[in-house]
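# Sequence first, then the predicted structure:
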Amino acid sequence: MSISVNKQMQLKNSDSIPASSRNSGRLVLFGALLCFLSACSVGPDFVRPEAPKVNRYNHGGDPKETIALEGVAQHFNYGSLPVANWWQLFNSAQLDSAVTQGLADNPGLQAAQASLRQSQNNLRAGSGIFYPQLSATFSQSREKNSPAVSGSSLSGSIFNLSTLSASVSYALDIFGGQRRAVEGLAAQVDQQRAITLGTYMMLSGNIVNTCIAMAAYQAEIDAMEELIALEKEQIGIAEKQFQAGITLYASVLALRSQLEALDATLPPLRQKLSQSEHLLATLEGKTPAELQPKKIMLTEISLPRQLPLSLPSELVRQRPDIMAAEAQLHAASATIGVATAALFPSFTLNANYGQSSQMTSSLFEGKSNVWGAGTNITAPIFNGGTLMSRRKAAVDAYQQSFASYRQTVLAAFAQVADIVRALEHDAEVTQIQSQAVKDTRLAMDLVTDNYKAGLVNYVQVLAADMQYRKARISYLQAQAQQLQDTTALFVALGGGLVL
């Protein structure tokens, strides 16, 4: 009953409203309706995927610390984030200088930064669709008309025509297609920002790893040269014993063969050192000829004792490759909105105002005014299923991006889990190799003393020497691996950089 009474009251009231007022009210209502529709957007609203519901990286839990080597253990600070300049934790001035140089001059990083700026400018360009498009035109022409068109028998006249006009157009983004397109551009900015962060991360990690490799190769070369000097000393003793008739010449030949084998290991090590130096030059944006020689000592690179271990829920929000995959997923979601909006009509408001006259002197007189206003509505009617198929393709692309995102997350979690276990095992290997070096060194010293006293033969000296050499090199390799896996952990957690 109340509804019908209200309707009657509305009808009675409307009878007393002047027609001009009713028209104005309709225009206001129509404008309000357009504003409401302009606030709507078809297509899905993007929601960030949830992080995996786990609170650890490894089955059974993650270790709290590694075993101690000479009183030094690495502690995992669960829940802490990596610092931005994480390479400074190695306490190496030369390593820090190399990373700083690479971040300043690496062409790959500069290319990523330029791509980021490009995507930002594309976003600004795309955002211009939300503003009225205003343009101005001035033209002058000489024309001849034809009165015969209107049935007149008079001859045509020749005249000059000057036109000055301005036009404005505004696209009513009623179904949100343009907003979704700009949303996709913003997602591309996020993706490129993540790629740039990833470039920072990989560049710093590669420089640190290269410097560690250079230091390890140099340490192996130094250790090999020491062993070669020891072999030469043993050969000198053996030759004197042979001349005195104490030993056989075969023992001298055996030692010389061992020396030649040691000498043969030096060129490959020096080649690896040269390759590392050339790689470092490339990472720093230089040619190998421009790189100043850097002799980085392995003993001058400290093993960080405190290591971050981000929460799994935080890893998906800070690791660049996951962030890039999420941004790509966002862009795919926006594309669905663009394809959906294309199924509906599009609306554009147009207006123009200008002056047109045959004489320039009267161009700005009132009688020369010209203007126009209107609305363009374009609606798809039949296109052979093209638009609907494009929307289905956009949905398929979103599903593909979502699967790729999940795969990226799984790979990232597996990588962190691998590195955490690797650091745990690296410490065990390094401890074993350290003890092996001590034991084989002591054994070699004892055998050498006995050999000088004439209590053992050259075969025993040769065996002890070989064991010490292998132990020493294995220990250096274990040290380098532990340092490089520590680097890998910082990189795997996202590097801590923010743009």
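Noted; the coordinates are in hand.

# Any stretches of the stretch 101-250 of the chain with poor pLDDT?
148-156 (pLDDT under 70).

# quick one, strands of it?
Counting by DSSP state E, counting those that start in this stretch, the stretch 101-250 of the chain has strands at residues 133-144, 158-172.

# Name the stretch among these that sits most buried.
Most buried of the strands of the stretch 101-250 of the chain by mean neighbour count (mean count of other Cβ atoms under 10 Å) is strand 158-172; its value is a mean of 15. C-betas here are computed from N, CA, C, even on glycine.

# still on that earlier bit, export the strands of the stretch 101-250 of the chain to a markdown table and tack on distance to Tyr57?
Formatted as a markdown table, these follow (distance: least, Cβ to Cβ, whole Å):
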| stretch | distance to Tyr57 |
| --- | --- |
| strand 133-144 | 53 |
| strand 158-172 | 49 |
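
# So which of the ones you listed is nearest Asn352?
Evaluated over the strands of the stretch 101-250 of the chain, closeness to Asn352 peaks at strand 158-172, with 4.0 Å, by Cβ to Cβ.

# CA atoms only for that closest one - export them in CSV, please.
The C-alpha coordinates for strand 158-172 follow below in CSV (Å, rounded to 0.1, in the frame of the first residue of the first chain):
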residue,chain,number,x,y,z
ILE,A,158,37.0,31.1,-56.1
PHE,A,159,37.6,32.0,-52.5
ASN,A,160,40.1,31.6,-49.6
LEU,A,161,38.9,29.7,-46.5
SER,A,162,40.6,30.0,-43.1
THR,A,163,39.6,27.7,-40.3
LEU,A,164,40.8,27.7,-36.6
SER,A,165,39.2,25.1,-34.4
ALA,A,166,39.6,23.1,-31.2
SER,A,167,38.2,19.7,-30.5
VAL,A,168,37.8,17.7,-27.3
SER,A,169,36.9,14.1,-26.9
TYR,A,170,36.5,11.9,-23.8
ALA,A,171,36.1,8.1,-23.8
LEU,A,172,33.5,7.0,-21.2
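
# what angle separates it from strand 133-144?
160 degrees (axes from the mean of the first three to the mean of the last three Cα atoms, to 10 degrees).

# helices and strands around strand 158-172, which ones?
Packing partners of strand 158-172 (3 or more Cβ pairs under 8 Å, 6 or more residues apart in numbering; DSSP states H and E): helix 19-38, strand 133-144, strand 346-357.

# How about the contacts made by Ala332?
Counting by Cβ atoms under 8 Å, 6 or more residues apart in numbering, Ala332 touches Ala394, Ala397, Tyr398, Gln400, Ser401, Phe402.

# Surely it is within a strand?
No - looking at Ala332 with DSSP: H, G, I helix; E, B strand; the rest coil, it is helix, so not inside a strand.

# any idea how far Lys392 is from it?
13 Å (Cβ to Cβ, to the nearest Å).

# Could I get the full set of helices for the stretch 201-350 of the chain?
249-283, 312-318, 320-341 (DSSP state H, counting those that start in this stretch).

# List the buried residues in the shortest one.
Residues of helix 312-318 classed as buried by neighbour count (16 or more other Cβ atoms under 10 Å): Pro312, Leu315, Val316, Gln318.

# do the first one as well
By neighbour count, and taking 16+ other Cβ under 10 Å as the criterion, the buried residues in helix 249-283 are 251-252, 254-255, 258-259, 262, 265, 269, 272-273, 276-283.

# Likewise for stretch 100-113?
Neighbour count says stretch 100-113 has Gln101, Gly102, Leu103, Asn106, Leu109, Ala112 buried, by 16+ other Cβ under 10 Å.

# which of the contacts of Ala332 count as buried?
Buried among the contacts of Ala332 by 16+ other Cβ under 10 Å: Ala394, Ala397, Tyr398, Ser401, Phe402.

# now the helix or strand harbouring the second one and helix 320-341, what's the angle there?
Yep, that's Ala397 we're talking about. Here Ala397 sits within helix 386-452, counting by DSSP states H and E. Angle, helix 386-452 to helix 320-341, by the same axes, to 10 degrees: 170 degrees.

# now the angle between helix 386-452 and the helix or strand following helix 386-452, please.
Scanning forward in sequence from helix 386-452 by DSSP H and E, the next helix or strand is helix 458-492. Here the directions of helix 458-492 and helix 386-452 differ by 150 degrees (the same axes, to 10 degrees).

# Checking Phe76 next. Helix, strand or coil?
Phe76 ends up strand, using three-state DSSP.

# Compute the distance between it and Leu410, please.
In this view, Phe76 and Leu410 are 21 Å apart by Cβ to Cβ.
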